[in-house]
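>>> Sequence plus the predicted model coming up.
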Amino acid sequence: MKQIRAFILFGLLFQLISFTSVAQSAKQKQLEAKRQQLQKEIKEMNSLLFTDKKKEKSVLTQVEDLNRKITVMQNLIRVTNDQANLLTREINDNQKQIGNLRKQLEELKEAYAAMIVTSYKNKSQQSRVMFLLSSENFKQAYKRLQYFKQYREYQQEQAAEIKNKTEKLQELNTSLLEQKKQKDVLVAENRESKKQLEVELAAHETLMASIRKNMASYAAQIKKKQQEADRIDREIERLIKEAIAESNKSAGKSSSSETFALTAEAKKLAANFEANRGKLPWPVEKGVVQLGYGQQPSPIDKKVPIMSHGVRIATSSGTKARAVFDGVVKAISVPRKGNPVVLIQHGNYFTVYSNLSKVYVKKGDKVTTKQEIGEVFTDVIAKQTILSFSVWKNTKTENPALWLYNM
């Protein structure tokens, strides 16, 4: 019984170790995927925003670019730290588990050795025969014979179990060595990232020092840019409300409603769009987010809020804008003092592509996923190629980062 209890305890302990290891491994994979994504984003930023030193950007544009890059670098350092800390916990857990496993394995081996000695002492044929002949009846003799057989099988099973657990212990040791190597690599990478961050922060501070000398002028530029964005958003909302009123009128519903009366075909399209939440392709083949969704502080004055109903994506000159999902071109608008905007309807959802220089589609066209719908405008003064992209459900905006893959 003592041996059986020992093996049961060993089995339960190993199951607990396996469960903990799987959970930590899943978390480690998530962190590694995030780290690689951030590294890719920094690489694309360097490629799209910081390669051509001959193109002198405005100070405001440089601050915006650096501010975003610094944020991503800080996120990379944080994620890498989380990975290293998780590995430290895993290493400590593994060391404890290895110690426990070794102790348990020694106890099992001692118990098994004692069992073998006892078995050997009672192994003689004469002892077996006498044990069987001393049975009171045939039934008891049969049971005793079965006991010999089961005892032999049990010995074989325990021998195999000890061998298996020994191999598992060796695997755990190998894993521990690999984890230590991974941690060393992460720590070294993080050290280099921190050095680079210090360089970027110094450059950012130099730019901010020049901005502070004429803060009123730069604040006015921020305010003007926000007013232009608000005006475009109001125009988009007006166009969507018109589309809703037109759709509801055709369906015999109230034209004052702010939600669509959908046909069966439109309902199916909306359901397919919703089913692809988080999996939609980006509206440009290559780009980085320069401004995220929602209210956030201005990069030059933290007290001044910026409200963004979509995302601004920086890309390279000549880049084509593309539809993120199947739909119908509902409207094409050219705001006053602005660049063309394309609205694509997906049932009761809209995706909006602003700041285009060329438009390749017309109102009523059916478009497919990744179909080119225009070319992104390049501002030769600001030295920027920026696509503004937003997602609307009826008359309300949603965060594009929740819809686009890996944003």
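Perfect, thanks for sending it. Numbering: from 1, shown residues only.
>>> Please count neighbours and contacts with C-alpha atoms only from this point.
OK.
>>> next one: stretch 274-286 to chain centre, how far?
How far stretch 274-286 lies from its chain's middle: 14 Å, per C-alpha atoms, centre = their mean, to the nearest Å.
>>> got the contact list for that stretch?
Stretch 274-286 has contacts (C-alpha atoms under 8 Å, 6 or more residues apart in numbering) with 315, 319-325, 370, 389, 401-406.
>>> Check stretch 187-197 too.
Under the criterion C-alpha under 8 Å, 6+ apart, residues 70, 73-74, 77, 80-81, 84 lie in contact with stretch 187-197.
>>> tell me which of the contacts of stretch 274-286 is nearest to Lys363?
Ala323 (14.0 Å; C-alpha to C-alpha).
>>> before we move on, back to that, could you identify the most distant pair in the contacts of stretch 274-286?
Spatial extent of the contacts of stretch 274-286 (C-alpha to C-alpha) is set by the pair Thr319 and Leu402 at 23.3 Å.
>>> quick one, which of these two is more surrounded?
Neighbour tally, Thr319 and Leu402, criterion other C-alpha atoms under 10 Å: the higher count belongs to Thr319, 21 against 14.
>>> which ones among the contacts of stretch 187-197 are found in helices?
70, 73-74, 77, 80-81, 84 (DSSP state H).
>>> Going by neighbour count, list what's buried in stretch 27-40.
28, 31-32, 34-35, 38 (16 or more other C-alpha atoms under 10 Å).
>>> distance between that stretch and the chain's centre?
Here stretch 27-40 shows a centroid-to-chain-centroid distance of 7 Å under the convention C-alpha atoms, centre = their mean.
>>> Run through who's touching that stretch.
With C-alpha under 8 Å, 6+ apart, stretch 27-40 has contacts from 72-73, 75-76, 79-80, 82-83, 86, 406.
>>> Which stretches in this protein count as strands?
For the chain, applying DSSP state E gives strands covering 288-291, 294-297, 305-308, 311-314, 320-322, 327-333, 341-346, 349-354, 356-359, 366-367, 372-376, 378-379, 384-393, 396-398.
>>> Same list (those strands) but as JSON lines, adding distance to Ala261.
Below are the strands of the chain laid out as JSON lines (distance: least, C-alpha to C-alpha, whole Å):
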{"stretch": "strand 288-291", "distance to Ala261": "33"}
{"stretch": "strand 294-297", "distance to Ala261": "28"}
{"stretch": "strand 305-308", "distance to Ala261": "28"}
{"stretch": "strand 311-314", "distance to Ala261": "28"}
{"stretch": "strand 320-322", "distance to Ala261": "27"}
{"stretch": "strand 327-333", "distance to Ala261": "16"}
{"stretch": "strand 341-346", "distance to Ala261": "13"}
{"stretch": "strand 349-354", "distance to Ala261": "12"}
{"stretch": "strand 356-359", "distance to Ala261": "29"}
{"stretch": "strand 366-367", "distance to Ala261": "20"}
{"stretch": "strand 372-376", "distance to Ala261": "27"}
{"stretch": "strand 378-379", "distance to Ala261": "38"}
{"stretch": "strand 384-393", "distance to Ala261": "13"}
{"stretch": "strand 396-398", "distance to Ala261": "16"}
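>>> Adding mean pLDDT, distance to Glu110 and mean neighbour count as columns, could you present these in a markdown table?
Formatted as a markdown table, the strands of the chain follow (pLDDT from 0 to 100; distance: least, C-alpha to C-alpha, whole Å; neighbours: other C-alpha atoms under 10 Å):
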| stretch | mean pLDDT | distance to Glu110 | mean neighbour count |
| --- | --- | --- | --- |
| strand 288-291 | 92 | 63 | 21 |
| strand 294-297 | 91 | 66 | 13 |
| strand 305-308 | 90 | 70 | 18 |
| strand 311-314 | 95 | 67 | 22 |
| strand 320-322 | 98 | 70 | 24 |
| strand 327-333 | 96 | 72 | 20 |
| strand 341-346 | 97 | 70 | 26 |
| strand 349-354 | 98 | 70 | 26 |
| strand 356-359 | 96 | 78 | 18 |
| strand 366-367 | 98 | 74 | 17 |
| strand 372-376 | 98 | 73 | 23 |
| strand 378-379 | 91 | 77 | 16 |
| strand 384-393 | 96 | 68 | 23 |
| strand 396-398 | 96 | 65 | 17 |
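>>> To Ala264, which of the ones you listed lies closest?
Nearest to Ala264, of these and by C-alpha to C-alpha, is strand 341-346 at 12.6 Å.
>>> Partner strands of that closest one, with direction?
Strand 341-346 pairs in its sheet with strand 327-333 (antiparallel), strand 349-354 (antiparallel), by DSSP bridges.
>>> Just the CA coordinates for the last one, please, in CSV.
Output in CSV follows, covering the C-alpha atoms of strand 349-354 (Å, rounded to 0.1, in the frame of the first residue of the first chain):
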residue,chain,number,x,y,z
TYR,A,349,-21.6,48.9,-41.0
PHE,A,350,-19.4,51.4,-43.0
THR,A,351,-15.6,51.6,-43.5
VAL,A,352,-14.4,55.0,-44.4
TYR,A,353,-11.2,55.9,-46.3
SER,A,354,-10.2,59.5,-46.0
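>>> Tell me what angle it forms with strand 372-376.
Counting by axes from the mean of the first three to the mean of the last three C-alpha atoms, to 10 degrees, strand 349-354 points 30 degrees away from the direction of strand 372-376.
>>> which outside residues touch strand 349-354?
For strand 349-354, the surrounding residues in contact (C-alpha under 8 Å, 6+ apart) are 270, 321, 324, 339-345, 387-394.
>>> rewinding a little: name the nearest of the contacts of stretch 187-197 relative to Leu172.
In terms of C-alpha to C-alpha, no member of those lies closer to Leu172 than Ala84, at 18.8 Å.
>>> so the closest one sits right up against Lys183, yeah?
Yes. Using C-alpha atoms under 8 Å, Ala84 is in contact with Lys183, at 5.5 Å.
>>> What is the burial count for Glu167?
When neighbours are defined as other C-alpha under 10 Å, Glu167 has 12 of them.
>>> what about the helices in the protein?
2-49, 59-121, 125-133, 138-212, 215-250, 264-275.
>>> mind giving me JSON lines with those and columns for distance to Pro305 and mean pLDDT?
What follows is the helices of the chain, written out as JSON lines (distance: least, C-alpha to C-alpha, whole Å; pLDDT from 0 to 100):
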{"stretch": "helix 2-49", "distance to Pro305": "24", "mean pLDDT": "73"}
{"stretch": "helix 59-121", "distance to Pro305": "14", "mean pLDDT": "82"}
{"stretch": "helix 125-133", "distance to Pro305": "91", "mean pLDDT": "57"}
{"stretch": "helix 138-212", "distance to Pro305": "17", "mean pLDDT": "80"}
{"stretch": "helix 215-250", "distance to Pro305": "10", "mean pLDDT": "89"}
{"stretch": "helix 264-275", "distance to Pro305": "31", "mean pLDDT": "94"}
